[in-house]
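Trainee: no sequence on this one, just coordinates:
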DNA sequence: TCGTAATATTTACACTGTGTAATTATTGTG
DNA sequence: CACAATAATTACACAGTGTAAATATTACGA
């Protein structure tokens, strides 16, 4: 389709094929060839290699048409990856396969103001438990992923202000050399919702995934870019009101100070953890109290204002919102549009901007991190990150 | 240095080598090899090819050390590219070589509210003049670049609200099939200032280039990304003050409404075009009038506020500012830091954010577009975009 | 002026990885 | 059970690179 032929290393080609399998959840060879822009010949070569290494499986299926393919190619259920998610209330460890099936989970309560020391103690304990489990079953974890709220490069984490070098060294040591990648929770959530076959998703093109929880953060989901290149978008600390409400960051008038769970829990008079847990039942509160409802609408308006500002910087034609705003009745959500209308260049226009909502994820941890781990494994072509030499490959063969 | 070996197509390798030459302005082979992570053997092959096609030149120089290289490789002076810049006051055409030397310039006055029709008339005339000139001298333009304020994908241009498909078709037709790329003026300016050997530049790592002129726009200069992937960052229409000053976009309280040239020209009581032209002399006005100066400081504060918001979304540790703020005395510029301090997460800290200023470019048009054209030529490996077949290459040889 | 150590440049060869096309295998249907 | 249709494998050609051997060039000192 594009330029005639782009040379790739074996690793890249393997990654392309595996990524296609991860996204589709399994496919016949001809469709893999189509998806990856490779010839059947190449697919054949790559798959023989991957099969020898037990990274993929082929199961017989009736041919979909005369002379059609019969071997459904799927990712192997024998490759284990680990997902580790830190949220504001707990630290969860999970082990599963590339499909997203969780075989082991442990969730430990954690403070939302966890210090790096406390984190390390908690992590070390959970990691030891996970290690016991994998050892008992003779499972080898090929890739681990850790998702942390607020994580990102540059000028430090606004939520957990930790030393990054120390974190990296700690993970390396505690996980005994399992390849590990760290990412922002929002990146993992976005990738999980968008690409995991276990979830439905409203858009298929480039968009902004916005999560409104304890923080307010987003990711630009660029369909052509690798997920591990996604950068979190910290919207929470955009100042939208000079001399406005004080925020935990020390500034005044941040988006977060108006729209985070903590901020609206004050309006509702219930604990922030309650809001998402009540889910749709949360709406019923609103019917009882008109003042609350009006206050929340004002907050949604401000969210829209901030979102519009963000979209002015980085224009996109779709936004997917997750978090408490998704629980609000549609009539109330319209306040977001009003806010957008006051900042988004050219005003809000449903033909130019598509806004959709997905149910806030609660209790799905550490599925997103697990998915991210699977993605990272696949992106590396299923090759050990350390062993780059062909020698390592020959050993397997 | 990185992974052992990344396969590249010939086009990519040629582009890598040529890009290195464009950045350095000429180099000996060993240093090209080092810069591009290629072996001397590869460099040799590529250069023989490029020399045959008259894209590079080699000039003899005394060897820098015993047995050292003697042929300084530079981009050929015989390759012509065209740069076309639309600004708020004129449309400039230029033809030059890959070095940035301008051999032909024509500048036509243009309105800042140019309609697409008017633009086409003006452009057609200038293009015809340029064509006469190139024909007379038997010059073939290999690549053209057009830079337009506000240009970018997505939801239309905030400054020149034109039909993009029409523009593309128009350029294709009017330039008689010369490969042409269109970009945002800020992208061209940033690339020109950062990478052109004719300009000094204060930072060498990833940063935000911010231009404050009639609009307020920036680019994230990512040192590892190709320039033609840079995306403009429209900061001008971030709403920083609800119910604030009206902006030409129809909203209230946009950054542009406070900090654009037009906005401050109202404070100064002189025409906006005068400000940059006076350059440093502009400072003298401030000494006369303390009220003006205080007002400008307030505007710089707001610029800092908006900039901080932008940096929260996309953290970076350096910012380079160009435009009227660069003309202000350093004491006044500090107001930007005060603004940053109220929005940038964690506050402003000179150890975490480096802010520098470069003189606003005035009258250098169309040098930035010319540089961008050279860049695009080089990025394509010096191969005709249309002729992808090896046949075309053989014709040359 | 010339020889030499040091380095640059070119080129033959091996290797990776792909697509093409011929070959072989498999499918559902009549 | 033959057949039309398509899948899967594999030999071969080709592009592009790095390695290393061969060749060329340099400044400098005798």
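Mentor: Cool, the structure landed. Note that the coordinates shown come from a computational prediction; the quantities given were computed from them, not determined experimentally. Numbering: from 1, shown residues only, chains lettered A, B, ... in the order given.
Trainee: okay, residue A:127: pLDDT?
Mentor: pLDDT, residue A:127: 98.
Trainee: Over to residue A:385?
Mentor: Each residue has a pLDDT score; the one for residue A:385 is 65.
Trainee: got a list of what the nearest residue to residue A:356 once chain neighbours are set aside touches?
Mentor: Nearest residue to residue A:356 in three dimensions, chain neighbours excluded: residue A:202, at 4.0 Å (CB to CB, 6 or more residues apart in numbering or on different chains). Where you see a C-beta, it was placed from the backbone N, CA and C, and this is true even at glycine. Residues counted as contacts of residue A:202 (CB atoms under 8 Å, 6 or more residues apart in numbering or on different chains) are A:320, A:356, A:358.
Trainee: so can I have a markdown table of the residues you listed showing pLDDT?
Mentor: Formatted as a markdown table, the contacts of residue A:202 follow (pLDDT from 0 to 100):
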| residue | pLDDT |
| --- | --- |
| A:320 | 98 |
| A:356 | 96 |
| A:358 | 95 |
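Trainee: which phi and psi does residue A:218 have?
Mentor: Taking degrees, to the nearest 10, you get phi -140, psi 170 for the backbone angles of residue A:218.
Trainee: wouldn't it be in contact with residue A:310 here?
Mentor: Yes - contact criterion CB atoms under 8 Å: residue A:218 and residue A:310 qualify, at 7.1 Å.
Trainee: among the contacts of residue A:202, which ones are buried?
Mentor: With neighbours counted by 16 or more other CB atoms under 10 Å in any protein chain shown, these contain buried members at A:320, A:358.
Trainee: would you turn the contacts of residue A:202 into CSV with secondary structure and distance to residue B:241?
Mentor: Output for these, formatted as CSV (DSSP: H, G, I helix; E, B strand; the rest coil; distance: CB to CB, whole Å):
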residue, secondary structure, distance to residue B:241
A:320, strand, 29
A:356, strand, 30
A:358, strand, 33
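Trainee: Which ones, among the contacts of residue A:202, also lie beside DNA strand D?
Mentor: When CB under 7 Å from any atom of the strand is taken as the criterion, no member of the contacts of residue A:202 contacts DNA strand D.
Trainee: Adding distance to residue B:20 as columns, could you present the contacts of residue A:202 in CSV?
Mentor: Below are the contacts of residue A:202 laid out as CSV (distance: CB to CB, whole Å):
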residue, distance to residue B:20
A:320, 41
A:356, 45
A:358, 46
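Trainee: hang on, residue A:19 packs against residue A:379?
Mentor: Yes - using CB under 8 Å, residue A:19 is in contact with residue A:379, at 6.6 Å.
Trainee: between those two, which one's more packed in?
Mentor: Higher neighbour count among residue A:19 and residue A:379: residue A:379, with 22 against 19, using other CB atoms under 10 Å in any protein chain shown.
Trainee: and the longest helix for chain A?
Mentor: helix A:290-313 (DSSP state H).
Trainee: Go through it and flag the buried ones.
Mentor: Judged by neighbour count using 16+ other CB under 10 Å, the buried positions of helix A:290-313 are A:292-293, A:296-297, A:299-313.
Trainee: check which helix or strand covers residue A:135.
Mentor: Here residue A:135 sits within helix A:116-137, counting by DSSP states H and E.
Trainee: buried ones in that helix?
Mentor: Buried residues in helix A:116-137, defined by neighbour count with 16+ other CB under 10 Å: A:119-120, A:122-123, A:126-127, A:130, A:134.
Trainee: ok now that helix, how far from the chain's centre?
Mentor: Centroid separation for helix A:116-137 versus its chain: 22 Å, with CA atoms, centre = their mean, to the nearest Å.
Trainee: so residue A:145 makes contact with residue A:369?
Mentor: Yes - between residue A:145 and residue A:369 there is a contact under CB under 8 Å: 4.9 Å.
Trainee: Counting neighbours, go ahead and name the busier of those two.
Mentor: Per other CB under 10 Å, whichever of residue A:145 and residue A:369 has more neighbours is residue A:369, with 30 against 27.
Trainee: now, among the buried residues of helix A:116-137, which is nearest to residue B:336?
Mentor: Taking CB to CB as the measure, residue B:336 lies nearest residue A:119 of those, at 36.3 Å.
Trainee: For residue A:151, see how far away the closest one is.
Mentor: Using CB to CB, to the nearest Å, one obtains 12 Å as the distance from residue A:119 to residue A:151.
Trainee: Identify the contacts common to these two.
Mentor: Residues touching both residue A:119 and residue A:151 (CB under 8 Å, 6+ apart) are residue A:160.
Trainee: sorry, back to before: with the contacts of residue A:202 in mind, which one is nearest to chain B?
Mentor: Nearest to chain B, judged by CB to the nearest CB, of those is residue A:320 at 16.5 Å.
Trainee: got a list of what the closest one touches?
Mentor: Here residue A:320 is in contact with A:193, A:201-203, A:207-210, A:356-358 (CB under 8 Å, 6+ apart).
Trainee: What's the separation between the nearest residue to residue A:102 once chain neighbours are set aside and DNA strand D?
Mentor: Excluding its sequence neighbours, the residue lying closest to residue A:102 (CB to CB, 6+ apart) is residue A:96, at 4.4 Å. Distance, residue A:96 to DNA strand D, by CB to the nearest atom of the strand, to the nearest Å: 28 Å.
Trainee: Same question for residue A:384.
Mentor: When distance is defined by CB to the nearest atom of the strand, residue A:384 is 22 Å away from DNA strand D.
Trainee: Residue A:178 is in contact with that residue, correct?
Mentor: No - using CB under 8 Å as the test, residue A:384 is too far from residue A:178 to be in contact (10.4 Å).
Trainee: quick one, which of the two is more surrounded?
Mentor: A count of neighbours by other CB under 10 Å puts residue A:178 above the other of residue A:384 and residue A:178, at 19 against 14.
Trainee: Might one say that the more buried one is in contact with residue A:139?
Mentor: No - contact criterion CB under 8 Å: residue A:178 and residue A:139 do not qualify, at 11.5 Å.
Trainee: so where is chain A shaky, pLDDT-wise?
Mentor: For chain A, the stretches flagged by pLDDT under 70 are A:1-5, A:153-155, A:385-397.
Trainee: please redo it, this time with the cut-off set to 50
Mentor: Applying pLDDT under 50 to chain A picks out residues A:1-4, A:387-397.
Trainee: residues in contact with residue A:160?
Mentor: Contact analysis of residue A:160 by CB under 8 Å, 6+ apart lists A:86, A:114, A:116, A:119, A:148-151.
Trainee: To clarify, my last question referred to residue A:211.
Mentor: Contacts for residue A:211 (CB under 8 Å, 6+ apart) come out as A:186, A:189-190, A:217-218, A:321-323.
Trainee: quick one: residue A:27 and residue A:36 touch, right?
Mentor: No - Residue A:27 lies out of contact with residue A:36 (CB under 8 Å); the separation is 10.2 Å.
Trainee: intersection of neighbour lists for those two?
Mentor: Residues touching both residue A:27 and residue A:36 (CB under 8 Å, 6+ apart): residue A:20.
Trainee: How many residues are close by the closest residue to DNA strand D within the stretch 201-350 of chain A?
Mentor: Residue nearest to DNA strand D within the stretch 201-350 of chain A: residue A:226 (22.7 Å; CB to the nearest atom of the strand). Residue A:226 has 12 neighbours, counted by other CB under 10 Å.
Trainee: overlap in contacts of residue A:145 and residue A:369?
Mentor: Residues touching both residue A:145 and residue A:369 by CB under 8 Å, 6+ apart: A:83-84, A:183, A:188.
Trainee: Pick the one among those residues closest to residue B:351.
Mentor: Using CB to CB, residue A:183 comes nearest to residue B:351 of the shared contacts of residue A:145 and residue A:369, at 26.2 Å.
Trainee: How about that closest one, nearest residue that isn't a chain neighbour?
Mentor: Excluding its sequence neighbours, the residue lying closest to residue A:183 (CB to CB, 6+ apart) is residue A:147, at 5.3 Å.
Trainee: So that neighbour lies in a strand, does it not?
Mentor: Yes - applying DSSP: H, G, I helix; E, B strand; the rest coil, one finds residue A:147 inside a strand.
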